[in-house]
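> Task: produce atomic coordinates for the following.
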Amino acid sequence: MRITLGQAKTEVEAIPNINLAATDTRIVTLINRAQRRIIEESGAQLISRRIRICLDENCITAPFGVSSFTDVAMSDTPMPILNEWYEFLDRGGGVYLDTPADSHGLRLVERGESCLFRDIIGVDKQIKIYTDIVEADGTNIWLYGRDEASRWIRTDPDGTGYVNGERISIAGTGPFTSTKIFSEITGVVKPVTRGMVRLYSLQPSTADERAIAIYEHNEEVPSYQRYLVRGEDVCECEDNATLTAMALMEFVPAAEDNDDLVVYSMEALLLMCSSIQKMQDNKFAEGLALSRESIRRMAMARDKHSPRERTSVEYHIFPKDTLDSHRIGRVY
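The predicted structure follows:
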């Protein structure tokens with residue numbers, strides 16, 4: 001069931017103990033608080049999504065809104081997800097290079113976070129910026145990183161002293177180009193904009209451009225999880241290869257009336273809004289009871305729209321001496 005923010009505002013307005021009009025900005029805050037609380041108490045299933053993502057130079061970068069991957073498959077083959085510490089295990093495989101092929105099975109290795117979906121190639125690139133919609137006066141974007149000599153970029157945009165990064169105005173009709181040369185971008189800070197903002201690396205001598213980032217209008221400090229794909233079935237030439245994943249999504253608060261809510265049970269949402277209000281009025285027992293009923297209603301709605309879960313248990317039988325040698329314990 002699809003529920004929009006506008007629908008929720010109308011329903012919440014009718015709750016007797018809320019006393020908020022649908023036009024009151026506090027009602028949006030209340031609805032988003034209720035959503036977040038239901039998500040936290042109901043588990044991650046509410047914000048899990050199935051997505052498909054392209055492989056680029058043996059890496060994938062999680063798109064905006066994705067917190068992490070919980071399950072991944074490539075070419076119909078599920079693969080394990082290894083964290084950044086795996087490469088440093090005493091008896092592990094060592095540090096993986098960025099070359100994909102080896103004699104082991106497919107796997108995904110965490111590679112930290114990045115503000116770009118694709119790295120800059122070379123050390124002599126300017127940054128060219130496009131906006132989908134003409135932005136208002138005074139709209140700026142900050143780029144942080146290193147120059148062609150790997151020196152930290154610092155500028156004096158207002159004539160009052162040097163600061164880290166380069167400030168680029170993106171107001172009016174673009175495109176807009178950095179004055180500094182970037183070999184690496186380590187961070188980006190932007191305001192909430194009217195439309196999407198696109199970054200390209202620009203080769204000054206040839207005017208060649210290469211897409212490196214696309215930011216949504218409501219991104220302010222972009223940061224995405226990045227992974228390296230390894231395994232014998234990975235080919236360096238597979239630029240168009242895709243991975244299918246179950247992704248754990250970040251909670252993005254609803255802002256406009258037509259925005260979809262993550263919580264798809266109106267009853268659960270209304271009960272949680274009432275619970276929050278009761279607790280603010282120091283009626284904790286009533287608020288806790290409403291909260292529990294909200295979670296129960298959410299579970300009912302989830303079970304209605306999802307197949308029943310089944311647990312599969314796999315048994316491995318080991319000889320007694322093997323168990324003793326590994327100090328796992330004895331089987332009687």
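> Name the next helix or strand downstream of the helix or strand that residue 35 is a member of, please.
Taking DSSP states H and E as the criterion, the element that holds residue 35 is helix 25-42. Remark: after helix 25-42, the chain's next helix or strand is strand 48-54, criterion DSSP H and E.
> Output the contacting helices and strands for that next one.
Helices and strands touching strand 48-54, by 3 or more C-beta pairs under 8 Å, 6 or more residues apart in numbering; DSSP states H and E, are strand 242-249. Where you see a C-beta, it was placed from the backbone N, CA and C, and this is true even at glycine.
> what is the rounded mean pLDDT of the strand it packs on?
In this model, strand 242-249 has a mean pLDDT of 88.
> again, but for stretch 58-69
pLDDT averaged over stretch 58-69 gives 87.
> for that stretch, which positions count as buried?
By neighbour count on 16 or more other C-beta atoms under 10 Å, the buried set for stretch 58-69 is 58, 59, 60, 61, 62, 65, 66, 69.
> now stretch 78-93
Buried-residue list, stretch 78-93, by 16+ other C-beta under 10 Å: 79, 81, 82.
> Residue 105 is in contact with the first one, correct?
Yes - with contact defined as C-beta atoms under 8 Å, residue 79 and residue 105 form a contacting pair (7.2 Å).
> so who does the residue nearest the centre of the chain touch?
In the chain, the centroid-proximal residue (C-alpha atoms, centre = their mean) is residue 66; its distance is 2.6 Å. The neighbourhood of residue 66, defined by C-beta atoms under 8 Å, 6 or more residues apart in numbering, consists of 51, 224, 225, 247, 248, 249, 250.
> Bridged to the third one, which residues?
Note on residue 225: beta-bridge partners residue 113, judged by DSSP bridges.
> Look at it and say how many residues are nearby.
Counted with other C-beta atoms under 10 Å, the neighbours of residue 225 add up to 18.
> quick one: contacts for residue 155?
Here residue 155 is in contact with 162, 163, 165, 166, 167, 180 (C-beta under 8 Å, 6+ apart).
> Which members of the residues you listed are classed as buried?
Neighbour counting over the contacts of residue 155 (16+ other C-beta under 10 Å) leaves 165, 166, 180 as the buried ones.
> And for residue 106, nearest residue in space, chain neighbours not counted?
Of all residues not flanking residue 106 in the chain, residue 231 sits nearest, at 3.6 Å (C-beta to C-beta, 6 or more residues apart in numbering).
> Could you give the number of residues near the one you found?
Using other C-beta under 10 Å, residue 231 is surrounded by 18 other residues.
> Is it correct that it is in contact with residue 107?
Yes - applying C-beta under 8 Å, one finds residue 231 in contact with residue 107, separated by 6.0 Å.
> re earlier: show me the buried ones among the contacts of residue 155 that map onto strands.
Members of the buried ones among the contacts of residue 155 lying in strands (criterion: DSSP state E): residue 166.
> out of the buried ones among the contacts of residue 155, who's nearest residue 294?
Closest approach between the buried ones among the contacts of residue 155 and residue 294, by C-beta to C-beta: residue 165, at 44.4 Å.
> if I read this right, residue 256 contacts residue 5, doesn't it?
Yes - look at residue 256 against residue 5 with C-beta under 8 Å: they come within range, at 6.6 Å.
> Name the SS class of residue 269, please.
Following DSSP: H, G, I helix; E, B strand; the rest coil, residue 269 is assigned to helix.
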